[in-house]
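Undergrad: Got a predicted structure here, sequence first:
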Amino acid sequence: MIAALLLGREGSLGFPGKNIYPIFGRPLMAYPLMAARQAKFVDKVYVSTDSEKIKKIGRQYGAEIINRPPELCTPQALGEDAFVHGYEVIKDSSKEDIELMVLLFCNAATVTSEIIDEGIKVLRDNPGYDSAVSVSKYNMWSPLRARKIQEDGLLHPFIPFESFGDPSKLNCDRDSQGDVWFADMGLSIVRPRCLEHIEKGLLPQKWMGQRIYPLKQWGGLDVDYEWQIPQVEYWLRKHGFNENEGRSI
């Protein structure tokens, strides 16, 4: 069995209600739900949450509900622990062996059924891979440009320039360090072993394991602030949605 698991909790400090924020007449979380439901190889869809509103929407889109424990619903709780909990509930309740877990977030709409199916095919063809993960290219956020404010109140390099090679050969061109790919949180398809031995995974998203295949797309993101909504709307328009009609993804 291949199961999809969405995470979404009640409390959000940066953007309250983000998971159910309306976009093109649907709550934000409807888009990853539809993608999972429309994927050819996904057998069941689950939503792990403490929110009654999220539970109601999940059921409307055909998902089974997992009650997320209070200790996994705090601002300090880690998504990886909620994924492990959800996986264990699914495994204990299923009569079938779990082949793959499709991990999604209620606040990440930038995912399609096509990329889910692509990732599943990749993992079936490559047993040595731990996961297949959606990634987006953001060269403007190269680690070379990262800064931190130190005790003197001034900007300093977040990472020593020597980490990138000879500093004399570095420059301000955003493409000069090569393409910079970020796991955009739209999609992670993982083998059960990644969740059963999550301590062995690569930081910071340890649920992805070590051998991670990139599913390339553009503009992917999970929504943490209201100002990100226009980017999600733009992405959805480019993938067939608008204010008046939409496609099943």
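TA: Done, it's in.

Undergrad: Mind telling me what element residue 6 is part of?
TA: In the assignment (DSSP states H and E), residue 6 maps to strand 2-7.

Undergrad: Can you give me the buried ones in that strand?
TA: Across strand 2-7, burial judged by 16 or more other Cβ atoms under 10 Å covers 2, 3, 4, 5, 6, 7. No exception for glycine: its C-beta is placed from N, CA and C like everyone else's.

Undergrad: swap in stretch 176-195?
TA: Buried, per 16+ other Cβ under 10 Å, within stretch 176-195: 177, 180, 183-192, 194-195.

Undergrad: is it possible to export those to JSON lines including secondary structure and pLDDT?
TA: Below are the buried residues of stretch 176-195 laid out as JSON lines (DSSP: H, G, I helix; E, B strand; the rest coil; pLDDT from 0 to 100):
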{"residue": "177", "secondary structure": "coil", "pLDDT": "81"}
{"residue": "180", "secondary structure": "coil", "pLDDT": "95"}
{"residue": "183", "secondary structure": "strand", "pLDDT": "98"}
{"residue": "184", "secondary structure": "strand", "pLDDT": "98"}
{"residue": "185", "secondary structure": "strand", "pLDDT": "96"}
{"residue": "186", "secondary structure": "strand", "pLDDT": "97"}
{"residue": "187", "secondary structure": "strand", "pLDDT": "98"}
{"residue": "188", "secondary structure": "strand", "pLDDT": "98"}
{"residue": "189", "secondary structure": "strand", "pLDDT": "98"}
{"residue": "190", "secondary structure": "strand", "pLDDT": "98"}
{"residue": "191", "secondary structure": "coil", "pLDDT": "98"}
{"residue": "192", "secondary structure": "helix", "pLDDT": "98"}
{"residue": "194", "secondary structure": "helix", "pLDDT": "98"}
{"residue": "195", "secondary structure": "helix", "pLDDT": "98"}
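
Undergrad: Among these, which pair sits farthest apart?
TA: 177 and 192 (35.6 Å; Cβ to Cβ).

Undergrad: From residue 156, how far out is residue 140?
TA: Residue 140 sits at a distance of 20 Å from residue 156 (criterion: Cβ to Cβ, to the nearest Å).

Undergrad: Domain ranges for this protein, per the record?
TA: Domain assignment for the chain by automatic domain parsing gives 2-137+182-238, 139-179.

Undergrad: Comparing these by mean pLDDT, which bottoms out?
TA: Lowest mean pLDDT of the domains of the chain: domain 139-179, a mean of 91.

Undergrad: Let's see the distance spanning that domain from one end to the other.
TA: This stretch, domain 139-179, spans 6 Å end to end (Cα to Cα, to the nearest Å).

Undergrad: Now do the contacts for the nearest residue to residue 158 once chain neighbours are set aside.
TA: Nearest non-adjacent residue to residue 158, counting by Cβ to Cβ, 6 or more residues apart in numbering: residue 146, 3.7 Å away. Residues in contact with residue 146 (Cβ atoms under 8 Å, 6 or more residues apart in numbering) are 157, 158, 159.

Undergrad: Residue 197 too?
TA: Applying Cβ under 8 Å, 6+ apart, no residues contact residue 197.

Undergrad: where's residue 118 relative to residue 44, distance?
TA: 20 Å.

Undergrad: Tell me the gap between stretch 222-240 and the middle of its chain.
TA: Distance, stretch centre to chain centre, for stretch 222-240: 14 Å (Cα atoms, centre = their mean, to the nearest Å).
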